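[1] okay, predicted coordinates and the sequence, questions at the end:
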Amino acid sequence: MPIPQPELDALYVQVHKRLVESGEWDRIHHLLASKLSESGWTDDLRHRTKERARVMDPLTFQALLEEITPQAKATVPLAVKREVTNAIKGYVKEQFEK
Amino acid sequence: MSASPSPESAHQTLSEASMSDIGRCSHFASALIDGAAKASILDKYKTVVAWQARRSQEASSPAKRRKISAPTCGTCEVSLSRPFACLRCSYAGCWSEGHISDHLKGAGHAFCVDTRSGSVFCAECNDFIYDTSMDNIYLSTVVAVEERQTNFQVAKRGREPYQIWTPSDEESAALNDATVLPCQGRRGLLNLGQTCFLNVILQSFIHNPLLRNYFLGDRHNNKLCKHTDCTCCEMDNLFQEIYSANTTPFGPTSFLATTWKVSAEVSGYSQQDAHEFFITALNQIHGTCRGSTNISCNCIIHSTFAGQLQSDVTCERCGNVTSTVDPMLDISLELKGKTGEAVSGDNTLAGCLRRFTKPEKLGAKEYSCSKCTKVSPEAVKRLSIRKLPPVLSFQFKRFEHKTAGKSSPQKIDAAVRFPVTLNMAPYTTLVMNSKAKDGEKGYPGPDAMYEYDLFAVINHEGQMDNGHYTNFARFQDEWYRFDDDKVTPSTLGACLDSHAYMCFYVKRHLDYKPYMKPSYRLTRESDIVKEQALEKEKEAARMKEVDDALMAMVGAD
């Protein structure tokens, strides 16, 4: 049966809180960072952002972030996305089973 | 910054901007004028940065069942994994939902800080600001936290706290009289006849921060050195030339000549292997360095490049582990598997390092266990890095030696992906051993001790016997391509796309062993003591002569 949105929001905050407080968030983040680095995604993004910043005028962080974010999200390797999503799902499932 | 059409002038603008505080935020500068306000802002800054640095330690040692402190956003109450903290009040908030910037505007508070990177955001400028003094405060705060989080394994001591150098009155006076030169080492090297192998290695030395600091710091003065054919003097001379105001390409003729005299095997005008020359040069510089020793040397070469490799052999029958520790100056990585096939799929530096540290079964009769005294066909050997050097040099073994059955040695040209920043923790003895114990995981130290940044890459194009070496090197935050005498601005992307033969990484934060003095200082101090004793003797001898002469005069009366 569908859960009403406000309850979903409250659940999200709860799960998010547990993720952060247990340190699982940082562990998954570490996993994500190392997988992205090994696949070359991080360095590719660094290179593209730097070259874009070199010629952008006026240069502001927000403008750069807005421009780069869509391509950054789109180029995340599928395998990495899958692995991290599964790690999150695993933890959430575990929390609900407790 | 004005828009410029050519990449070269834009290149210059970026580095100029970082050298002077052109982009400095006037709002931040004026906020720091009042002493009390400045103290309050800086204290808050240091507190939140230190808090974040400590917190990241808690996250990586899961043994503690305690909860990690997680502030919640003052607006939406979601737990913050990456808090942005207001520098005026105790508010912390999310960046992505705009809550922190809403707070700054609403409360009229001007600045907030990203606790993870230490970057300061100015609400008036509506942008992150550049401030070298804040960068320094960030670095010293984080390093202070890291120092407290690490312990030397063998010495069981803490790290020596980093202290900023403050010049004495004498030193200040000397500095005031000195000529200021721009600290830039972008100078091409002339090819003296198939010497591109020499040039790329020299460029990797020139852009090596530890070597650069040593020689520019006048630690080996070629005018005072008494050795002949001293490669260390050649290095000093090289640094003087490169960092001089002269930008025309430099011909390293005396360096080459000295190298030939000392090591006959690298002499002659044929193409040499850059890696062989690299090792030869390191040994020569070590040999001519003041105070260098054969065991536990801490000359500039060993302080910079020397690490330790541990080999653990486990007897599968009785479980006895024999460990041997060997010194290493660099790491050579295979690009082919054991049976000679090219490795596919995992063609990354990390993949090479995993293969390097993978346990391998020893063949029958290769090992006999000292404990169960059997020639054990079941033994497993595993390599790991026991001690990480400040500068890590990697060589990809692209050149096979002549093997029976192959007509001519082949060059493996395949690309190997290497990163700009490298974390070596997974390949160290400490971390690999702690993973082996089920569940038990000691804290291996802060990430910064294992993180390295790429600063030079050596490339080889063409075939084994007739090819050409070029290299990339990073100066401040920009990449340049060096092709003998031609130096051109380049990009990170071009560097990473190149097929690397050798890569050089430098540790992000250096850790100082307490109560240690480098050997050249100890030697110089003992030399000074010897010279003073000699002076005293001479003086005493002179006085005796005068006395004798006086006595003779008196006696004659």
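    That came through fine.
[2] ok, now which ones touch residue A:43?
    Going by C-beta atoms under 8 Å, 6 or more residues apart in numbering or on different chains, residue A:43 touches A:37, B:419-420, B:492, B:496. Just so you know, the C-beta spots here come from the backbone N, C-alpha and C atoms, and that holds for glycine as well.
[3] just give me the neighbour total for the nearest residue to residue B:488 once chain neighbours are set aside.
    Excluding its sequence neighbours, the residue lying closest to residue B:488 (C-beta to C-beta, 6 or more residues apart in numbering or on different chains) is residue B:481, at 5.1 Å. Other residues within reach of residue B:481, judged by other C-beta atoms under 10 Å in any protein chain shown, total 19.
[4] so residue B:481 touches residue B:474, yeah?
    No. The criterion here is C-beta atoms under 8 Å, and residue B:481 misses it with residue B:474 at 11.2 Å.
[5] host element of the residue of chain A found nearest chain B?
    Closest residue of chain A to chain B, C-beta to the nearest C-beta: residue A:26 (3.5 Å). Secondary structure from DSSP states H and E places residue A:26 in helix A:24-38.
[6] helices or strands up against that helix?
    Counting contacts by 3 or more C-beta pairs under 8 Å, 6 or more residues apart in numbering or on different chains; DSSP states H and E, helix A:24-38 packs against helix A:5-21, helix A:41-55, helix A:78-97, helix B:35-60.
[7] looking at those, which is nearest to residue B:391?
    Smallest distance to residue B:391 across the helices and strands packed on helix A:24-38 (C-beta to C-beta): 20.2 Å, for helix A:41-55.
[8] what angle separates that closest one from helix A:78-97?
    Angle of helix A:41-55 versus helix A:78-97, following axes from the mean of the first three to the mean of the last three C-alpha atoms, to 10 degrees, is 110 degrees.
[9] tell me the helix or strand right after helix A:41-55.
    helix A:61-74.
[10] around chain B, which positions in chain A sit nearby?
    A:13, A:16-17, A:19-23, A:25-27, A:29-30, A:34, A:37-38, A:40, A:42-44, A:46-48, A:50-51, A:54-55, A:57-62 (C-beta under 8 Å from any C-beta of the partner chain).
[11] select only the buried ones of those in PyMOL?
    Selection of the buried residues among the residues of chain A next to chain B in PyMOL, burial being defined by 16 or more other C-beta atoms under 10 Å in any protein chain shown:
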select buried, chain A and resi 16+17+19+20+22+23+25+26+27+34+37+38+40+42+43+44+47+48+50+54+59
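[12] so residue B:113 touches residue B:88, yeah?
    No. Counting by C-beta under 8 Å, residue B:113 stays clear of residue B:88, with 11.1 Å between them.
[13] the strand of greatest length in chain B close to chain A?
    Taking DSSP state E as the assignment, the strand of chain B that covers the most residues is strand B:451-462. No. For a cut-off given as C-beta under 8 Å from any C-beta, strand B:451-462 has no contacts with chain A; the smallest distance is 9.3 Å.
[14] picking up where we left off before, ok, the residue of chain A closest to chain B touching residue B:70?
    No. Taking contacts as C-beta under 8 Å, residue A:26 lies outside contact range of residue B:70: 10.2 Å.
[15] and for these two, which residues touch both?
    A:20, B:81.
[16] list the contacts of whatever residue of the stretch 351-500 of chain B ends up closest to chain A.
    Going by C-beta to the nearest C-beta, chain A is nearest to residue B:493 of the stretch 351-500 of chain B, at 3.9 Å. Contacts here follow C-beta under 8 Å, 6+ apart; on that basis residue B:493 touches A:44, A:47-48, A:51.
[17] which helix or strand contains residue B:186?
    Using DSSP H and E, residue B:186 maps to neither a helix nor a strand.
[18] where in the stretch 151-300 of chain B is pLDDT low?
    Low-confidence segments of the stretch 151-300 of chain B (pLDDT under 70): B:153-156, B:266, B:268-269.
[19] how about a cut-off of 90?
    Flagging of the stretch 151-300 of chain B using pLDDT under 90 yields the residue ranges B:151-167, B:175, B:177-185, B:193-194, B:217-219, B:222, B:224-228, B:244-247, B:260-272, B:289-298.
[20] which non-adjacent residue is nearest the residue of it found nearest chain A?
    Closest residue of the stretch 151-300 of chain B to chain A, C-beta to the nearest C-beta: residue B:186 (17.9 Å). With C-beta to C-beta, 6+ apart as the criterion, residue B:186 has its nearest non-adjacent residue at 5.4 Å, and that residue is residue B:487.
[21] for that neighbour, list each beta-bridge partner.
    Beta-bridge pairing for residue B:487 (DSSP bridges): residue B:482.
[22] that one touches residue B:187, doesn't it?
    Yes. Counting by C-beta under 8 Å, residue B:487 does reach residue B:187; the two are 7.0 Å apart.
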